[in-house]
Each structure stands twice: as C-alpha cells, then as structure tokens.
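Visitor: Give me a model of this one.
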Amino acid sequence: VCAAATVAVVSLPFVHFAYRARALQVSLETSNALIALLVAYLVYGRFRESRRLQELLLVLALCTVAVANLVLTALPVAVFLATDVDFSRWAALGVRLMGTLLLTGAALTPSKVRIRRRGAVAGVASLAGLVLVVGLAGLAFGGDLPEPVDPLLVPADASRPILAGHPVVLAVQALGAVLYGVSAVALARQAQREQDELLRWVGYGCVLAAFARVHYLLFPSLYSEFVYTGDLLRLGFYLLLLVGAAREIRSYWEARTQAAVLEDRRRMARDLHDGLTQELAYISVQSQRLGKRPDPAIAGLIRAAAQRAVDEARQAISALSRAPDEPFPVALQRMADDMAHRYEVKVVSRLDPEAHVDHERAEALLRIVAEAVRNAVRHGAAEMIELRLTANPLCLAVIDDGRGFDTRHGRPGGFGLTSMRERAEAMGADFDVTSEAGCGTTVRVTWP
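Guide: Prediction:
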C-alpha cells in the first residue's frame, strides 16, 4: 500500500499532494506526541515487570520522538503561528534522529537481555541530558545555522515532488528510511517468534514510518509550512502504535480474567478437598466398619458426616452461583436465612452494610459462619443464634445460646474449631472462641 502511494505521488500530475497548513501541522504533531507518550507509558509497565533492555529502549525512543514532536515542533509552530517570527528546526531534526536510532536499537536487541535498575536510571538520565543539550543548542545557535528547508519554498506545482532541502536534512531522512526498514523487519521476526502482539504492531508502524521518510525526500514538508503525504504516513505510524497498545491492553485484561478463573478453580478444588472429599472418605471408612460390626454409634457418625458433606456441597454451589461483586453483608444475610430454615433455628442478624470484604476473605468467612452455626445447633442445641458484623474494626461474631462447653477441654467434634481457626489465620485475622457451660458460645473473627 505504501509503495502504491509513493508511485501515485511520483506519477500522478493532476493530484495536489502538498498544502500550506501550519495549524493542521500543529494538530498532527500534537496527536503524534500524545500517542507516543501513551504507548511509552504502556511499554514502561511491561519494563517494570520484565526489566528487559529492549523495552527500556522502546520507551526512551517513544519519549524522545514525543519531545521532538510536541516541544520542538508543535509548540514553536503554535507560538509563532500568528507572527512572522521563525525558529530553528535543527534541534527537532537531531532529537528525531536520536529517537529513530533508539527504536532501531530496541528492534535489534534480543528480548532476553535484562538491565539493572541502576543502569536504567543512568541511561534515562543520560538521554534526558543529551536531549536537553540539543534543544538548548538549537535555541541558542539555531539562528546562526542555515535553514533545513528554505522557508520561502512555494511549489509552483504541488502535484510533483520537489527534492529540496539542506543536504544534511536529506541525508537524515534517507538514513531514517533505512533505520525504520531495518526495525520493521527485526520487530516482525521477533513478534512472530515470540507471539508479541505489541511488537507486531510497532513493526507494522515502522513500515509506514520508513515510507514517510521517503516521501519527505520527495517533498520536505516536515521542516516547512506544508502538509504532505509523508505527514499522513507518519500519522499512520502512530495510529498503528495506538492499535498495538489497545490490543496489548485487551490481552492484559484477558490474562487477568483467565488468572482469576484459574484462582477460583484452585480455591474450589482446595475447599472440596478439605471439606467434601474428607467427609466422603470418612463415610467410606465408617461404612466398612459398620458392615463388619453393626453399631448404632457408627451409624450416627455416618449420618453426621453425610450431613456435613451435603452442607459442603451446598456451600460450593452457593459460592459458584454468587455474583463476584455481591456485597458481603448481602451474601451473609442470605446464608443466615438459608441456615435458619435448614436447621430450624432462629438467626438474628446485625450487619453493618458498610463492611467491605474482598472475594477471597468473604468465602473464608462464610465457611467459618457455616461451621459455627452447625456446631451451635448440633453440639450446643442452640435455639437462637446472633450474627454481628462491624466495619470499623472489621469484626464478625457468631453468638449462640446453646449449652456451651469448657474451652480448656475442647468441644465435641473439635475438628470444626481447628478448621475455623486455620481459615481465619490464613487471612491474617485473629480467631477467638469464648464459652462457658450453660452460657452459650461466641466465635469471633477480627482484623487488627
């Protein structure tokens, strides 16, 4: 496509390709700079995770060309738009060349090369100092240098190329075309090898940037008051960078979604292993004993284990069907209503609606509450259970009016208490059980 556009520019005498439009030039340079900064910020996020030298060079390249586009081109043109004052463009030329060299360096750097934090800071500081020196030198001595492009250049026929400009400018544009072409090939190969979506689109953009330099050779609009096809191709380069950034962001959120799903699966597998699987294994062992020697006590143990297995299955189903953004007080109230109906016990809830609990802690707390209510009904013969939830400090308490027990000797079926304590401590919470014979039991989970 770029080659066809180049042939059209050279061979079609009846189409005008160059237009004097300083205001449009400001808009294009500003848009290019903002896109470059946005993509640089995205790549910097990758660099912080990987510490790859390639990504650091790409960040520096994008920031450098953004400075050239915005600070050294767009702002001076905007300031002098309504005046006859001119300014030197040599600084912008030099800084753009640095950005192109950095981009080519990034394309040719193997992705496995890492850089230490100290080296990265030194590199950034050195480049910033160099850009500052070039900018100040252009401001101070630019008036003594010849113009990159004759400011009085007015094409008699804007439909034909005009190979004009200072030889240094023409040489830099030719070098830029070669460097961007090399970068396009290197990035395309690496993107294909490593399936890197962002590098693939940067490589696509480098194709447009290379042809943009060819068009700047045909008509030097970058350092004149004209807008030419080279400017449109260069805008296409930045737009492809933006597409690559959007694809990168989409890939990031897809990866986060997959990680969240995998973590939920692991959590459910862990809960099923620690709960339902253990109960079923216990039922299997006790059933074998019951087959060898009928015993009402063993039959009672099997019934209790079967009920616990049913409760674990219901808890897993409830966790899978619950909306991930459901407020914890709402989930806790629904669970309290379900357990009150299932165990035929009165459950009174005093829940602070402002209490915020993340998804992982919510699952653990719901399991602690379920175990506490089961213990209160089965072992304590409780008739009324109170649930209290406060936001500041975050505290959950389960209070029953059952028969209680001596905490020094433990409660019958004490494995449930151990399970609750382990869940609470895994969340970084304090777990406390207070009880006296005939005075009920209080189970409390508190975050310090």
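Visitor: Helix or strand next in line after the lowest-mean-pLDDT helix or strand in the chain, which one?
Guide: Lowest on mean pLDDT, DSSP states H and E among the helices and strands of the chain sits helix 296-321, with a mean of 70. For helix 296-321, the following helix or strand on the C-terminal side (DSSP states H and E) is helix 328-343.
Visitor: Buried ones in that next one, by neighbour count?
Guide: 328, 329, 331, 332, 333, 335, 336, 339, 340, 343 (16 or more other Cβ atoms under 10 Å). (C-beta placed from N, C-alpha, C; glycine too.)
Visitor: hang on, isn't the last one packed against residue 370?
Guide: No. With contacts defined as Cβ atoms under 8 Å, residue 343 does not count as touching residue 370, sitting 10.5 Å away.
Visitor: Pipe the buried residues of helix 328-343 into CSV and attach pLDDT and distance to residue 239 per row.
Guide: Putting the buried residues of helix 328-343 into CSV (pLDDT from 0 to 100; distance: Cβ to Cβ, whole Å) gives the following:
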residue, pLDDT, distance to residue 239
328, 88, 45
329, 91, 48
331, 88, 46
332, 90, 50
333, 91, 51
335, 85, 52
336, 88, 55
339, 83, 58
340, 88, 60
343, 81, 63
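Visitor: Now do the strands in the protein.
Guide: 19-20, 226-227, 346-351, 384-390, 395-400, 430-435, 441-446 (DSSP state E).
Visitor: Would you mark the buried spots in the fourth one?
Guide: By 16+ other Cβ under 10 Å, the buried positions in strand 384-390 come out as 385, 386, 387, 388, 389.
Visitor: and residue 199, how far is that from residue 441?
Guide: Separation of residue 199 from residue 441 (Cβ to Cβ, to the nearest Å) stands at 61 Å.
Visitor: swap that for residue 377, please
Guide: 11 Å.
Visitor: same deal with residue 219?
Guide: 87 Å.
Visitor: so what sits against both of residue 377 and residue 441?
Guide: Common neighbours of residue 377 and residue 441, counting by Cβ atoms under 8 Å, 6 or more residues apart in numbering, are residue 402.
Visitor: more crowded one of the two?
Guide: residue 441 (26 against 19; other Cβ atoms under 10 Å).
Visitor: hang on, the more buried one packs against residue 433?
Guide: Yes. Applying Cβ under 8 Å as the test, residue 441 and residue 433 come out as touching, 6.8 Å apart.
Visitor: ok so, going back, what's the closest of the buried residues of strand 384-390 to residue 76?
Guide: Using Cβ to Cβ, residue 389 is the member of the buried residues of strand 384-390 that sits closest to residue 76, with 61.9 Å.
Visitor: Contact partners for that closest one?
Guide: Residue 389 makes contact with 328, 329, 332, 349, 350, 351, 352, 355, 395, 396, 397, according to Cβ under 8 Å, 6+ apart.
Visitor: Same list (those) but as TSV, adding distance to residue 167.
Guide: Converted to TSV, these look like this (distance: Cβ to Cβ, whole Å):
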residue	distance to residue 167
328	72
329	75
332	77
349	84
350	84
351	79
352	76
355	73
395	78
396	78
397	83
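Visitor: Drop anything exposed from these.
Guide: For the contacts of residue 389, a neighbour count by 16+ other Cβ under 10 Å gives the buried set as 328, 329, 332, 349, 351, 355, 395, 396, 397.
Visitor: which residues of the stretch 301-448 of the chain score low on pLDDT?
Guide: Where the stretch 301-448 of the chain drops to pLDDT under 70, the residues are 308, 312, 314-324, 408-415.
Visitor: What values do phi and psi take at residue 406?
Guide: In terms of degrees, to the nearest 10, the main-chain angles of residue 406 are phi -80, psi 110.
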